[in-house]
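[1] Sequence and predicted structure, then a few things I'm wondering about:
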There are 2 protein chains.
Amino acid sequence: MTFFREYEEDGIRQWADQIQNGDNRMIARAISCLESGDSRGEALLEELYPRTGRAFLVGLTGAPGAGKSTLTDRLITHLRGEGYRVGVLAVDPTSPFTGGAILGDRVRMGRHALDSGVFIRSMGSRGNLGGLARATREAARVLDAAGFEVIVIETVGVGQSEVEIMHLADTVALVLTPGSGDAVQVFKAGIMETADLFVVNKADREGAARLVRDIEEMLSLVKEEGDWIPPILRTEGKTGRGIDELWSGLQKHRQFLQESGQWEDQRRTHLRRELETIIEEAMRTHLLREMNTSAFQRDLDRMQIRQESPRRVARKWLDRLVGGNPEGGGT
Amino acid sequence: MTFFREYEEDGIRQWADQIQNGDNRMIARAISCLESGDSRGEALLEELYPRTGRAFLVGLTGAPGAGKSTLTDRLITHLRGEGYRVGVLAVDPTSPFTGGAILGDRVRMGRHALDSGVFIRSMGSRGNLGGLARATREAARVLDAAGFEVIVIETVGVGQSEVEIMHLADTVALVLTPGSGDAVQVFKAGIMETADLFVVNKADREGAARLVRDIEEMLSLVKEEGDWIPPILRTEGKTGRGIDELWSGLQKHRQFLQESGQWEDQRRTHLRRELETIIEEAMRTHLLREMNTSAFQRDLDRMQIRQESPRRVARKWLDRLVGGNPEGGGT
């Protein structure tokens, strides 16, 4: 047994080394393992975790059709020109690995296929948003350990579900387009506050100036003094105009975070939230398992004939689940 | 101490008796206690729970402006004519006790103020949907114990959040209006399946026939054979037309549930879900408290300098939280 375990540990270490050396095939395999919940993924992550922390995680989010893929593509080219290695995680919470986004990703992957300094990967939801956020977070760690200096996490949508995924990025750019009504939607969804940069893409279209004014106005409602003031940048994915300003805007925000001491604070907040999510999900799994026991069914019986109230039964199970902790019993 | 506790128990019992005798002032006080989390509310609920189970819980949901209040008002009058006592809980997840709905409720309350066979109450969210669903569920129990034979739970909206509140109703009627585009929204939100009856209100308007056809078409996509087939009823809240058909439709569904044995099954499912929600929320509170301890902060430190991985730390805390239960440790 010991022999095999050591053998396996050696295998995992070797795999981690290959990843660190930038072997894209091994990176892809690692992400697949993490997505599918393969136990080797966990062991690998343990090995990789100490090797992470250097990458700049950029979130790029916006409604479908806002032009995020084209923008990312331009950004890749720009960053490659400056010598950076770039990882891209294209996340679509609405798609289980099918549909247009993936087709678009294939085209992109094809274009950068011969460039080992670029790694592009699509992440679909398989119906579970929590799982997707976690897989994306861990995939980003693999890319980080592999030495990609910039990792772009591109998500479709402007709702609360995208916000969860954005919680792993250091800097979040929100992509909006003229005439789309996106700005109002973003404001309503309460995600205005999560953007560090606003990107008005397709800025050659009518209504771009109006959109900039709208964003400014809404920003003035939500931002407090002393905060980072999110710049509003104009880009044209089609021509590549504004991409250098986008990159310098992203860098400025990183610099702001680092100089103000918020960089580490924010990463700590993200870690805290990650833990909260993992533990909560596991507690939930545990609870659902308990709820399938015959003891629980008997309590349901008793509640149904009104011998015991839901609050009392809840309290009893809570004591059992988080037992030994008197405060845990309060509902 | 014993004397006072007994005295208090007597007080609670007396209060419960007053509620059972239909004292609307005491009912209102009970619901306020439950809303505010007053501990007497819990004791009262214990006392009342065995006295519940007879009421028919009707959910009435639909977009703002669909005419639910007018419809409910007509239904009250109709049911009073048949000798039933009627409770109404008007739930607005978007409003913290202010705005139009409440004004409308006041008008209604005024109209039925002298009729002790009617009890109308507005329930607002105070920002916490889980809390609202729970307060509504418990308020319904108070009304049930008070002998209201029909309890209408009226909620604004056609989204997932309304679905949660609807989980306490025996029968759910979804109110739609011609030309509103509601039907498509309902379909998209995946709540088509939760309706036991469709009510096309303002049926004198243009597009009513079209809306009926749309609903039929969408129903054919989601309903399976052998299921209850939701009738599509036409009403005019303004004139009261169709209200008797609405009531007979509601009764038919109740009869269907009872004869098919689904009545108790569904109530059991609702109880199960209620427990799950209460326990989960309390576990979450417990977790957040643990996350504020210095031991947890030290683990965050270690994660931040990459001495320990999030998965490992999560596993440790999970073991601690749902300890003594080896399966509880898996993430």
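    Arrived safely. From a predicted model like this one, the values you see are computed outputs, not experimental measurements.
[2] contacts and neighbour counts: CA atoms only from here.
    OK.
[3] is stretch A:154-170 anywhere near chain B?
    No. On the criterion Cα under 8 Å from any Cα of the partner chain, stretch A:154-170 is out of touch with chain B, staying 13.2 Å away.
[4] what about that stretch, average pLDDT?
    Mean pLDDT, computed over stretch A:154-170, is 79.
[5] go on, stretch A:37-55?
    92.
[6] Run through who's touching it.
    A:12-13, A:15-16, A:30-31, A:33-34, A:138, A:141-142, A:144-145, A:147-151, B:306-309 (Cα atoms under 8 Å, 6 or more residues apart in numbering or on different chains).
[7] Tell me the buried residues in that stretch?
    The neighbour-count check on stretch A:37-55 (16 or more other Cα atoms under 10 Å in any protein chain shown) flags A:40-42, A:44-53, A:55 as buried.
[8] Tell me the backbone dihedrals of A:Glu206, please.
    Main-chain dihedrals, A:Glu206, degrees, to the nearest 10: phi -60, psi 140.
[9] Nearest residue to it in space, please, no chain neighbours.
    Nearest residue to A:Glu206 in three dimensions, chain neighbours excluded: A:Pro178, at 6.7 Å (Cα to Cα, 6 or more residues apart in numbering or on different chains).
[10] Strands of the stretch 1-150 of chain A, start to end?
    For the stretch 1-150 of chain A, strands defined by DSSP state E, counting those that start in this stretch occupy the ranges A:56-62, A:86-92, A:118-124, A:150-156.
[11] Turn those strands into JSON lines, including mean neighbour count.
    What follows is the strands of the stretch 1-150 of chain A, written out as JSON lines (neighbours: other Cα atoms under 10 Å in any protein chain shown):
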{"stretch": "strand A:56-62", "mean neighbour count": "24"}
{"stretch": "strand A:86-92", "mean neighbour count": "25"}
{"stretch": "strand A:118-124", "mean neighbour count": "22"}
{"stretch": "strand A:150-156", "mean neighbour count": "25"}
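[12] Now the terminal residues of stretch A:57-67, how far apart.
    One end of stretch A:57-67 sits 20 Å from the other (Cα to Cα, to the nearest Å).
[13] Do it and chain B come into contact?
    No. Using Cα under 8 Å from any Cα, stretch A:57-67 stays clear of chain B, coming no nearer than 15.8 Å.
[14] quick one: contacts of that stretch?
    The contact list for stretch A:57-67, computed with Cα under 8 Å, 6+ apart, reads A:68, A:150-158, A:162, A:166, A:168-177, A:182, A:201-202, A:237, A:250.
[15] Tally up the residues packed near the residue nearest to A:Ala55 when sequence neighbours are not counted, please.
    Once flanking residues are discounted, A:Ala55 sits nearest to A:Glu149: 4.6 Å by Cα to Cα, 6+ apart. When counting by other Cα atoms under 10 Å in any protein chain shown, one arrives at 21 neighbours for A:Glu149.
[16] So A:Glu149 versus chain B, what's the distance?
    Distance, A:Glu149 to chain B, using Cα to the nearest Cα, to the nearest Å: 18 Å.
[17] before we move on, back to that, with distance to B:Thr77 added, can I get the strands of the stretch 1-150 of chain A in TSV?
    Formatted as TSV, these follow (distance: least, Cα to Cα, whole Å):
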stretch	distance to B:Thr77
strand A:56-62	50
strand A:86-92	50
strand A:118-124	52
strand A:150-156	49
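[18] which bits of the stretch 51-200 of chain A sit near chain B?
    Close to chain B, as judged by Cα under 8 Å from any Cα, the stretch 51-200 of chain A has residues A:Thr52.
[19] can you pull out the helices in the stretch 51-200 of chain A?
    Per DSSP state H, counting those that start in this stretch, the stretch 51-200 of chain A carries helices over the ranges A:68-81, A:100-111, A:129-145, A:160-166, A:182-188.
[20] Could you look over these and pick the most buried one?
    Of the helices of the stretch 51-200 of chain A, the one with the most neighbours on average (mean count of other Cα atoms under 10 Å in any protein chain shown) is helix A:129-145, at a mean of 23.
[21] for that one, what is the average pLDDT?
    90.
[22] which residue does the stretch 101-250 of chain A bring closest to chain B?
    Here the residue of the stretch 101-250 of chain A nearest chain B is A:Glu138; by Cα to the nearest Cα that distance is 10.2 Å.
[23] ok, that residue touching A:Leu34?
    Yes. In this structure, A:Glu138 is within contact of A:Leu34 by Cα atoms under 8 Å, at 7.2 Å.
[24] low pLDDT regions in chain A?
    A:1-7, A:94-110, A:125-129, A:158-161, A:188-189, A:225-226, A:324-331 (pLDDT under 70).
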